[in-house]
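[1] what follows is a predicted protein model with its sequence.
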Amino acid sequence: MRIATWNINSVRSRIDRALALLEREDLDVLALQETKVKDAAFPTAPFLEAGYQVAHTGHSQWNGVAVISRVGIADVETHFAGQPPFGDPAAIEARALGATCAGIRVWSLYVPNGREVTDPHYAYKLEWLSQLQAASAGWLAADPSARIALMGDWNVAPLDTDVWDPSFFTGKTHLTAPERDAFAAIERGGYQEITRRFLPAEHTYTYWDYQRLSFPKNSGMRIDFAYVSPALAQQTAGVTILRDERKGKGASDHVPVILDIQD
DNA sequence: ATGGTTGCTCTGCAA
């Protein structure tokens, strides 16, 4: 069983890369973030033709999350309990989708960016993570044997060595103590961040900005992670970050992260 | 050359 997460940065502009990824990497489940499309315009047909089912939520050109699966999709939720609204009028954004695939509860998560520490979006980000902590802790408390994956774009770099140059982020978001505390708090619910357990090397990135020649200079960030429940951690045999997916014309700014699960 | 983005949608916004 292979489960991946990928901030695709527009599913319509990268549908060919997505289909090639599913085939080449023999993926059973793919959690997508930033699909940037409303539900009605999601390109479902090509995934169905490839043998996958689709669960998606998208309300506008922003955000949008999906779970693509060839091992079934059940009990779809398009937000988690307590997920805070944002904007005017305030609304729950398309940033979380839960679906059960072959007995594994997969959550595709797109944590708010935060923008600037003085921006209301930053407080929203912290509240969003806080509510996710409460909700996810509850899921595991209700069933300690549950197999749960919380995967996606967390928009937090937990360590200074998760970025090319911490000084670049002075006064910016993603590295602040409140963000890191909110990210680490997910552990209190009983989850462990499994990608670093298998890939502990410093400066192992999952994202390179389109600007400033970030990829050629390897000015990257590690902000895509997978927290898994104890039962799922026990079954996880490996993690792969597909760095090569950042190469070439038409790449997303993020690359996929794959979990190998023993059946 | 001292810079060097992309996508959605429509001209500015978000990342």
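    Now that the structure is in, tell me what you want to look at.
[2] from now on I want contacts and neighbour counts done on CA atoms only, so please keep to that.
    Will do.
[3] helix, strand or coil for whichever residue of the stretch 151-263 of chain A sits closest to DNA strand B?
    Nearest residue of the stretch 151-263 of chain A to DNA strand B: residue A:211, at 3.7 Å (Cα to the nearest atom of the strand). Using DSSP: H, G, I helix; E, B strand; the rest coil, the structure places residue A:211 in coil.
[4] now for it, how many residues are close by?
    Residues within reach of residue A:211, counting by other Cα atoms under 10 Å, total 9.
[5] same check on the one 10 residues further on?
    The number of residues packed around residue A:221, counting by other Cα under 10 Å, is 26.
[6] give me every residue that touches it.
    A:157, A:162, A:163, A:164, A:203, A:204, A:205, A:206, A:207, A:208 (Cα atoms under 8 Å, 6 or more residues apart in numbering).
[7] tell me which element the residue in the stretch 51-200 of chain A that DNA strand B sits nearest to is part of?
    Residue of the stretch 51-200 of chain A nearest DNA strand B, by Cα to the nearest atom of the strand: residue A:61 (4.3 Å). Counting by DSSP states H and E, no helix or strand carries residue A:61.
[8] just checking, it touches residue A:36?
    Yes: Residue A:61 lies in contact with residue A:36 (Cα atoms under 8 Å); the separation is 4.6 Å.
[9] pick out whichever of those two has more residues nearby.
    Remark: of residue A:61 and residue A:36, residue A:36 carries more neighbours, 24 against 12, as counted by other Cα under 10 Å.
[10] I'd say the more buried one and residue A:66 touch.
    No: counting by Cα under 8 Å, residue A:36 does not reach residue A:66; the two are 10.7 Å apart.
[11] which neighbours do these two share?
    With Cα under 8 Å, 6+ apart, residue A:36 and residue A:66 have no common neighbours.
[12] flag the shaky bits of the stretch 151-263 of chain A, pLDDT-wise.
    Within the stretch 151-263 of chain A, not a single segment meets pLDDT under 70.
[13] how does it look with 90?
    A:171, A:263 (pLDDT under 90).
[14] which residues of it lie near DNA strand B?
    Counting by Cα under 7 Å from any atom of the strand, the stretch 151-263 of chain A comes close to DNA strand B at A:210, A:211, A:212, A:213, A:249, A:250, A:251, A:252.
[15] residues contacting the fifth one?
    When contacts are counted by Cα under 8 Å, 6+ apart, residue A:249 is found next to no other residue.
[16] one more: the first one?
    Residue A:210 makes contact with residue A:253 under the criterion Cα under 8 Å, 6+ apart.
[17] so residue A:140 sits against residue A:231, correct?
    No: using Cα under 8 Å, residue A:140 is not in contact with residue A:231; the gap is 10.2 Å.
[18] higher neighbour count, these two?
    Legend: neighbour count by other Cα under 10 Å for residue A:140 and residue A:231, higher for residue A:140 (18 against 14).
[19] where exactly do the helices run in the stretch 1-150 of chain A?
    A:15-24, A:44-49, A:120-142 (DSSP state H, counting those that start in this stretch).
[20] got the ones you listed as CSV, with mean pLDDT and distance to DNA strand B columns?
    Output for those, formatted as CSV (pLDDT from 0 to 100; distance: least, Cα to the nearest atom of the strand, whole Å):
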stretch, mean pLDDT, distance to DNA strand B
helix A:15-24, 98, 10
helix A:44-49, 98, 14
helix A:120-142, 98, 7
